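1. Have a look at this prediction, sequence included:
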Amino acid sequence: MVGPRRFPLHGLPRRVTVHEVGPRDGLQNEGATVPTDVKAEFVRRLVDAGLPVVELTSFVRPDRVPQLADAEELVDAVDPAPGVRHPVLVPNLRGLERALAHGVRDIAVFASATESFARRNLGRGVDESLAMFAPVVERARSEGVGVRAYVSMCFGDPWEGAVDVGRVVDVGRRLLDLGCWQLSLGDTIGVATPGHVVVLLDALAAAGVGPDRLGVHFHDTYGQALANTLVALREGVTVVDASAGGLGGCPFARSAAGNLATEDLVWLLEGLGVATGVDLDRLVDTSVWMAGQLGRPSPSRVVRALSG
């Protein structure tokens, strides 16, 4: 396949870590349940494409997210490759204990910057959610397990509208104070624009949270995900969440369209001369294969262009 010509821009990192969320955030939004063996093969192909972080699943109640009801089976089916991380999401201590019992060494918790989404997603408000996460983080760290934190609705909320930057900073700072090692800033409904991204990153920096503690997680609802990613990189962020083939969204926010496609991200980064370690050809082949499993074309523009 033909890749982009490389024309580096000043002010960008030399390397970016792509945090692949397709097997979890991508497949949790599917109408049909994907068989465990297909998920495991999807993970294997993503690892073979060079992705250093492939998020597997979420240890949530099966009745809440039936697409991920096979969390234990999937974790057991995946043989971790050297140097590759396989995080899972856990909502509470029960989820953590399930994960630990199956040898998980890398977890994430998922908070919200808004009350409305916290109650819809977790069944409790922001303060109650953070109180629920405190023993999860403490227990995980006591086992030597790292904890990443997702913060949803950082730029807008379908029920509350605009989200105050200070509220996002407060929730993020509190999660770090609990002991989480990294924050992933989620544009859950895809309303962020580049200036808004810079304002939030500057506000976090002023609160003592530099780009080395951050990842970004953009949705492409309004076609802004790549533009937002580029300004985040210029602000020093080096971790970007993406989903192979552009799969996924959020089952608890109807206006949340698909995630930033990993292929679109890698094309951009290759053209900028930013290293990722990802083999774009193998990644495209993987998303074409997965689209076949799902019975529909990939929404990724790069996948469509390179496989058409």
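-> Noted; the coordinates are in hand.
2. where along the stretch 1-150 of the chain do the helices fall?
-> Using DSSP state H, counting those that start in this stretch, the helices of the stretch 1-150 of the chain run over residues 36-48, 71-77, 93-101, 115-122, 126-142.
3. In the stretch 51-200 of the chain, where is pLDDT below threshold?
-> Scanning the stretch 51-200 of the chain for pLDDT under 70 picks out no residues.
4. Please, where are all the strands along it?
-> 53-54, 57-58, 88-89, 106-112, 146-152, 156-157, 161-162, 182-187 (DSSP state E, counting those that start in this stretch).
5. who wins for proximity to Val18 among those strands?
-> Proximity to Val18 (C-beta to C-beta) singles out strand 53-54 among these, at 7.2 Å. Every C-beta, even on glycine, is put in place using the N, C-alpha and C of the backbone.
6. where's the closest one relative to the chain centroid, distance-wise?
-> Centroid displacement of strand 53-54 relative to its chain, using C-alpha atoms, centre = their mean, to the nearest Å, is 10 Å.
7. go on, stretch 259-269?
-> 13 Å.
8. same thing with stretch 159-168?
-> Worked out by C-alpha atoms, centre = their mean, stretch 159-168 lies 20 Å from the chain centre.
9. Now that stretch: buried residues?
-> 163, 165, 167-168 (16 or more other C-beta atoms under 10 Å).
10. want to throw the helices of the stretch 1-150 of the chain into a markdown table with distance to Asp264 and mean neighbour count?
-> As requested, those are arranged in a markdown table below (distance: least, C-beta to C-beta, whole Å; neighbours: other C-beta atoms under 10 Å):
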| stretch | distance to Asp264 | mean neighbour count |
| --- | --- | --- |
| helix 36-48 | 16 | 20 |
| helix 71-77 | 26 | 19 |
| helix 93-101 | 31 | 17 |
| helix 115-122 | 26 | 20 |
| helix 126-142 | 32 | 17 |
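11. Please produce CSV containing the ones you listed, extended by distance to Glu270.
-> Formatted as CSV, these follow (distance: least, C-beta to C-beta, whole Å):
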stretch, distance to Glu270
helix 36-48, 17
helix 71-77, 30
helix 93-101, 34
helix 115-122, 34
helix 126-142, 35
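12. do you know which of the strands of the stretch 51-200 of the chain lies nearest His10?
-> Among the strands of the stretch 51-200 of the chain, strand 182-187 sits nearest to His10 (C-beta to C-beta), with 24.0 Å.
13. Let me see the residues that make contact with that closest one.
-> Strand 182-187 has contacts (C-beta atoms under 8 Å, 6 or more residues apart in numbering) with 19, 108, 148-156, 168, 172, 175-176, 200, 209, 213-219, 225, 228, 239, 241.
14. So in that sheet, which strands flank it, and in what orientation?
-> Within its sheet, and counting by DSSP bridges, strand 182-187 is paired with strand 146-152 (parallel), strand 214-218 (parallel).
15. how far off helix 115-122 does that strand point, in degrees?
-> Strand 182-187 and helix 115-122 meet at an angle of 110 degrees, taking axes from the mean of the first three to the mean of the last three C-alpha atoms, to 10 degrees as the criterion.
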